[in-house]
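Q: What follows is a predicted structure for the sequence shown.
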Amino acid sequence: MEKTLIIFKPDAVQRGIVGEILTRFERVGLKIVAVKMLNPGRDHYFHHYENISKMATRRGQKALDVTLKMLEAGPVVAMVLEGIEAVEQVRKMVGTTEPKSAAPGTIRGDYAHMSFMHADNVEMGVSNIIHASGDKDEAEQEIAHWFSKDEIYNYKTTHDVYTQPGSK
């Protein structure tokens, strides 16, 4: 089974919509195998967003700086989800990074509306509710950065019985 990382950003936690969004992932059969609420420091976020995701390389140093500032606004909820093609499934459900461009029905399309241009004009990070790993390699690196092996659980759900051959 494939694993992926999601992070409910401070805007999702502060709005009280974590459970509502999490339900969407569970409804499609993704399994929570790790979860914790934390308020990591700038160095932790820098490692995630630059050393792993290369944000400054893609969007510039200013974008990285405002993103780090936004993430430090409050606690986040980090989770590892597991399922068939989990990375691609979660990315599809979350929608494009820019909320304004995210399709209705996606998490960002339903819960956020900010554009990159507006965020740049007011020099703030884009409030886009959630982070989702971009690909399998990124997911592995991010999960190792946020969770120890002892914090990730292996268990069977009722759903596993119907989706995995020979698991009965």
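A: Yep, it's here.

Q: quick one: the strands in this protein?
A: Using DSSP state E, the strands of the chain run over 2-8, 31-38, 76-83, 130-132.

Q: okay if I get these as TSV plus mean neighbour count?
A: Where C-beta positions appear, they are placed from N, C-alpha and C, glycine not excepted. What follows is the strands of the chain, written out as TSV (neighbours: other CB atoms under 10 Å):
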stretch	mean neighbour count
strand 2-8	24
strand 31-38	16
strand 76-83	23
strand 130-132	24
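
Q: Nearest to residue 102, out of the ones you listed?
A: Among those, the nearest to residue 102 by CB to CB is strand 130-132 (10.9 Å).

Q: and the closest residue to residue 81 other than its chain neighbours, what is it in contact with?
A: Spatially, and ignoring its direct neighbours in sequence, residue 81 is nearest to residue 30 (4.4 Å; CB to CB, 6 or more residues apart in numbering). Contact analysis of residue 30 by CB atoms under 8 Å, 6 or more residues apart in numbering lists 81-83, 86, 89-90.

Q: how far away is residue 30 from residue 21?
A: Distance, residue 30 to residue 21, using CB to CB, to the nearest Å: 12 Å.

Q: And residue 97, by the same measure?
A: In terms of CB to CB, residue 97 sits 16 Å off from residue 21.

Q: same thing with residue 119?
A: Counting by CB to CB, the gap from residue 119 to residue 21 is 21 Å.

Q: do the same with residue 131
A: To residue 21, residue 131 is 12 Å away according to CB to CB.

Q: With residue 91 instead?
A: Residue 91 is 14 Å from residue 21, where distance means CB to CB.

Q: Check residue 141 too.
A: As for residue 141, its distance to residue 21 is 23 Å (criterion: CB to CB).

Q: Comparing these two, which residue is more hemmed in?
A: residue 21 (20 against 17; other CB atoms under 10 Å).

Q: Looks like that one contacts residue 12 (just checking).
A: Yes - Residue 21 is within contact range of residue 12, at 6.7 Å (criterion: CB atoms under 8 Å).
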